[in-house]
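Novice: Sharing a model prediction with you, sequence too.
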Amino acid sequence: MTTVCRVYDSYAQARAAVDAVERASVPAADMTRFLERFDLKLIAEKVDDEASLSRLIEYGADLAEGDLFGSPRPVTPEMFRELSDADAA
């Protein structure tokens, strides 16, 4: 399964995208089924609290990211070593 992540240039662009999806009122389960036709997965972003996670579980979302799962980390060359060490364990 291919995963797609959209990087926005500003918070305003990201907020506008989220607002557009919310206005469209497309249920996550429907969006997930649609994306599966193209071998893509829906990734919920900005999952920062348990209430958000609970809603995602109800919606049937498969993947999520946000502060609830871990805060952002600096991108450094050391991350590759950390990931390699974790894979080796």
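Specialist: All right, it came through fine.
Novice: Isn't residue 63 up against residue 45?
Specialist: No. If you go by C-beta atoms under 8 Å, residue 63 and residue 45 don't touch, sitting 9.8 Å apart. The C-beta positions use only the backbone N, C-alpha and C, and glycine is treated the same way.
Novice: Find me the pLDDT at residue 21, would you?
Specialist: Per-residue pLDDT puts residue 21 at 63.
Novice: just the one 4 residues further on next, same as before
Specialist: The pLDDT attached to residue 25 in the predicted structure is 67.
Novice: I'd guessed residue 73 sits against residue 79; true?
Specialist: Yes. Under the criterion of C-beta under 8 Å, residue 73 lies in contact with residue 79, with a separation of 7.2 Å.
Novice: Looking at these two, which is more packed in?
Specialist: residue 79 (11 against 8; other C-beta atoms under 10 Å).
Novice: Quickly find the element holding the more buried one.
Specialist: helix 78-88 (DSSP states H and E).
Novice: what about dumping the CA coordinates of that helix to CSV?
Specialist: This file holds the C-alpha atoms of helix 78-88, laid out as CSV (Å, rounded to 0.1, in the frame of the first residue of the first chain):
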residue,chain,number,x,y,z
GLU,A,78,21.5,10.7,13.8
MET,A,79,17.9,9.7,13.1
PHE,A,80,19.1,7.1,10.5
ARG,A,81,21.3,5.5,13.1
GLU,A,82,18.4,5.5,15.7
LEU,A,83,16.1,3.9,13.1
SER,A,84,18.7,1.3,12.1
ASP,A,85,19.4,0.4,15.7
ALA,A,86,15.6,0.0,16.4
ASP,A,87,15.3,-2.3,13.3
ALA,A,88,18.2,-4.4,14.4
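Novice: For residue 58, see how far away residue 23 is.
Specialist: Using C-beta to C-beta, to the nearest Å, residue 23 is found at 20 Å from residue 58.
Novice: One more: residue 35?
Specialist: On the measure of C-beta to C-beta, residue 35 and residue 58 end up 18 Å apart.
Novice: Show me which of these two is the more surrounded one.
Specialist: Neighbour totals were compared for residue 35 and residue 58, and residue 35 leads with 17 against 10 (other C-beta under 10 Å).
Novice: Next secondary structure after the one helix or strand that one maps to?
Specialist: Using DSSP H and E, residue 35 sits in helix 28-36. Once the chain leaves helix 28-36, the next helix or strand it forms, by DSSP H and E, is strand 40-41.
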